[in-house]
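Undergrad: Next come a sequence and a model predicted from it.
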Amino acid sequence: MNHYALFHVLHLFAAFVFVGTVFFEVLILENVRKRVPRNVMHQIEVGIGARARQLMPWVLAVLYGSGLGMAWRYRSLLAHPLQDSFALMLTLKIVLALSVFGHFLYAMRLRGKGRLASTAFKRIHLSVFSHMVGIVLLAKLMFHLGW
């Protein structure tokens, strides 16, 4: 297996875990919050949060590391992102991915200061969710849509 194929497989698995986690939290967990007593929901959130803090740094390292490895193949296209549709969509995908990473760092900073309130947590998750939808769409469209 060549390096690009290995990066691609690693990237897909890490994206599956990360995107799946974000989708679960936004589409399922937020709805469960309305149906479960507050103290029970707090225990669920503490448990999920503890597991996420153990797992997500590794998932993100694989996700972004493999993404960087794959992007290296397209470095000449990325140098001129407006020259074709593939390069433009790949650039947009990378910008969204960097924004997601920025959201992650911002959330960790707020958590470290004890200021990651429920409203900030929800806003960050909704923003990351919308970014993830865009990234997934671009990941598929860049191979099937051209102009």
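TA: Received the coordinates, thanks.
Undergrad: Glu30 and Lys122 touch, don't they?
TA: Yes: Glu30 lies in contact with Lys122 (C-beta atoms under 8 Å); the separation is 7.4 Å. All C-beta spots, glycine's among them, are computed from the backbone N, C-alpha and C.
Undergrad: which other residues reach the lowest-mean-pLDDT helix or strand in the chain?
TA: Scoring the helices and strands of the chain by mean pLDDT, DSSP states H and E places helix 30-33 at the bottom, with a mean of 88. Residues from elsewhere that reach helix 30-33 (C-beta atoms under 8 Å, 6 or more residues apart in numbering): 41, 44, 122.
Undergrad: Repeat that for stretch 16-25.
TA: Taking C-beta under 8 Å, 6+ apart as the rule, stretch 16-25 contacts 48, 52, 55-56, 59-60, 63, 125, 128-129, 132, 136.
Undergrad: Same question for stretch 128-135.
TA: Taking C-beta under 8 Å, 6+ apart as the rule, stretch 128-135 contacts 18-19, 22-23, 26, 92-93, 96-97, 99-100, 103-104.
Undergrad: Going by neighbour count, which residues in it are buried?
TA: Within stretch 128-135, the residues scored as buried using 16 or more other C-beta atoms under 10 Å are 128-129, 131-132, 134-135.
Undergrad: just so I have it, where are all the helices in the chain?
TA: Taking DSSP state H, the helices of the chain run over residues 3-23, 30-33, 38-73, 75-78, 85-112, 118-141.
Undergrad: Which among the ones you listed is found nearest to Trp147?
TA: Relative to Trp147, the nearest member of these by C-beta to C-beta is helix 85-112, separated by 5.0 Å.
Undergrad: what angle separates that closest one from helix 3-23?
TA: Helix 85-112 and helix 3-23 are oriented at 50 degrees to each other (axes from the mean of the first three to the mean of the last three C-alpha atoms, to 10 degrees).
Undergrad: which residue lies farthest from the center of the protein?
TA: In terms of distance from the mean C-alpha position of the chain, Pro37 ranks first, at 29.3 Å (C-alpha atoms, centre = their mean).
Undergrad: hey, C-alpha coordinates of stretch 62-76 in PDB?
TA: The C-alpha trace of stretch 62-76 is given here as PDB (Å, rounded to 0.1, in the frame of the first residue of the first chain):
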ATOM      1  CA  VAL A  62      -4.600  11.000  13.100                       C
ATOM      2  CA  LEU A  63      -7.200  13.000  11.300                       C
ATOM      3  CA  TYR A  64      -5.100  16.100  10.800                       C
ATOM      4  CA  GLY A  65      -1.800  14.200  10.300                       C
ATOM      5  CA  SER A  66      -3.200  12.000   7.600                       C
ATOM      6  CA  GLY A  67      -5.000  15.000   6.100                       C
ATOM      7  CA  LEU A  68      -1.700  16.800   5.900                       C
ATOM      8  CA  GLY A  69      -0.100  13.800   4.300                       C
ATOM      9  CA  MET A  70      -2.800  13.600   1.700                       C
ATOM     10  CA  ALA A  71      -2.700  17.400   1.000                       C
ATOM     11  CA  TRP A  72       1.100  17.100   0.300                       C
ATOM     12  CA  ARG A  73       0.100  15.200  -2.900                       C
ATOM     13  CA  TYR A  74      -1.900  18.200  -4.000                       C
ATOM     14  CA  ARG A  75       0.600  20.900  -3.000                       C
ATOM     15  CA  SER A  76       1.000  22.300  -6.500                       C
END
